[in-house]
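A.B. asks: Sequence and predicted model, in that order:
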Amino acid sequence: MSTSGQVTIADADYLRIIIHGTTAFELLRTALEFDLFEKLESGGPATVEQVASALRVDAQPARILLLGLASLRLLEIQEGGYVNSDVVRRKLLRSSPRFLGPLVDIQDRIINAGMGDFAESMRRNTNVGLRRLGGPGTTLYERLTAHPQLQQVFYANMSDASRHAFAQMLDRYDFSRVRHVIDIGGGDGTNSIELARRYPHLQVTVFDHEAVTQLAAQRIDDPDLCKRIHFRPGDLFTDSLPTGADAILYFHIFEIWSPERNTELLRKCHAALADGGVCLVYSFVSDDAGTGSLTAGLVSPYFLTIASGEGMAYSPADVRRAVLDAGFSRVECHQDLGFSHALVVGHR
Ligand SMILES: C[S@@+](CC[C@H](N)C(=O)[O-])C[C@H]1O[C@@H](n2cnc3c(N)ncnc32)[C@H](O)[C@@H]1O
């Protein structure tokens, strides 16, 4: 492991990590469950016996965990003991700015079991993997309303991912002339809260399922934000959208649905906007060639198998086409954003 952020790996080992993916994931998740990385960071280099004692397990299982993590280059040996590697310090300590714990949690609690149904989901072209989670509706979002603890796991990750990705969006798009924003499928309100904080004149309305808008409302205690952030519970497909706003956030919604359903929803957004209004479609995207990014390739099967049975990380060209098909007269496309995201702005 180097400090440059690059890991060089032989083809055979790369394949091995994919084939033994479940074991590799469990090594990492178990280290987090035992707070191993935190303990090594505060305690310095540790032998097998010292780690076994800190984790309150026998030496043999501790040895197996340490061996596995070192083989994955998450740990190294220094001064005769195990220490965290650079990538652990950057992404797997709770204090690190880009801590990936919430992503590990959602994979563990919500995604991994259902992904075993990917092949069957392909055959039936629907989200067969959702059968493992009882509750109302045919999408993960509806089912989660019956599982408050899993819903928290979901929004902890969504909110963490959105906070990082949204910061770059805010640097790119100026809302100073916008008066009222509707945040379609606004989730736990993370983006609305960030936006309202950055622009103290803005009114924002979060539109989502009722169980979700309640979650968002609970997160806001600042009296100024309480006055400016509003909630409209409803279903995107069957209820009408609030009208008259001059901007709509369509954030992490495009990747959920088929191109046709997105066009239908974007038409609805177009109709709800005031003249001159804009719809900002901000989503995970793949490249135009269909070869990456790795993030796009790895999140797409989840949308088919579990989330909705129809979405994926589309290319920016797909997003652009749907926005134009929905009736927007002009489209702005920002493709050079990080985190495998693009922003496509439709002007009414
Ligand atoms: C992937 S999350 C995105 C949350 C937020 N926009 C963000 O970027 O962090 C998708 C959101 O869309 C909402 N959603 C999905 N289907 C919906 C529907 N039919 N009606 C209303 N909201 C829906 C879900 O409840 C969820 O909060």
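C.D. replies: Thanks, I have the structure now.
A.B. asks: so Ala247 sits in a strand?
C.D. replies: Yes - assessed with DSSP: H, G, I helix; E, B strand; the rest coil, Ala247 lies in a strand.
A.B. asks: Contacts only, for it.
C.D. replies: Ala247 makes contacts with Phe175, Val178, His180, Val181, Ile182, Leu273, Gly277, Val278, Cys279, Leu280, as judged by CB atoms under 8 Å, 6 or more residues apart in numbering. No exception for glycine: its C-beta is placed from N, CA and C like everyone else's.
A.B. asks: Please apply the same query to Ile9.
C.D. replies: Ile17.
A.B. asks: Which helix or strand contains the closest residue to Asn112 other than its chain neighbours?
C.D. replies: Nearest non-adjacent residue to Asn112, counting by CB to CB, 6 or more residues apart in numbering: Phe25, 7.2 Å away. Assessed by DSSP states H and E, Phe25 sits inside helix 21-33.
A.B. asks: pLDDT on that helix, on average?
C.D. replies: What helix 21-33 shows for mean pLDDT is 98.
A.B. asks: on that earlier part again, if I look at the residue nearest to Asn112, how far off is Gly43?
C.D. replies: From Phe25 across to Gly43, the span is 25 Å (CB to CB, to the nearest Å).
A.B. asks: again, but for Ser176
C.D. replies: For Ser176, the distance to Gly43 (CB to CB) stands at 49 Å.
A.B. asks: Give me the neighbour count for Met158.
C.D. replies: Using other CB atoms under 10 Å, Met158 is surrounded by 17 other residues.
A.B. asks: Please apply the same query to the one 4 residues further on.
C.D. replies: The number of residues packed around Ser162, counting by other CB under 10 Å, is 22.
A.B. asks: Just confirm it is within a helix.
C.D. replies: Yes - the assignment for Ser162 (three-state DSSP) places it in a helix.
A.B. asks: on that earlier part again, pick out the most distant pair among the contacts of Ala247.
C.D. replies: In these, the most distant members under the criterion CB to CB are Phe175 and Leu273, with 14.6 Å between them.
A.B. asks: what mean pLDDT does whichever helix or strand Arg320 is part of have?
C.D. replies: Take DSSP H and E as the rule and Arg320 turns out to sit in helix 316-325. Taken as a whole, helix 316-325 has an average pLDDT of 97.
A.B. asks: Strands along the stretch 101-250 of the chain, start to end?
C.D. replies: For the stretch 101-250 of the chain, the strands defined by DSSP state E, counting those that start in this stretch occupy 180-184, 203-208, 229-233, 245-251.
A.B. asks: Now tabulate the ones you listed in JSON lines and tack on mean pLDDT and distance to the ligand.
C.D. replies: Listed next are the strands of the stretch 101-250 of the chain as JSON lines, based on pLDDT from 0 to 100; distance: least, CB to the nearest ligand atom, whole Å:
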{"stretch": "strand 180-184", "mean pLDDT": "97", "distance to the ligand": "7"}
{"stretch": "strand 203-208", "mean pLDDT": "97", "distance to the ligand": "4"}
{"stretch": "strand 229-233", "mean pLDDT": "97", "distance to the ligand": "9"}
{"stretch": "strand 245-251", "mean pLDDT": "97", "distance to the ligand": "4"}
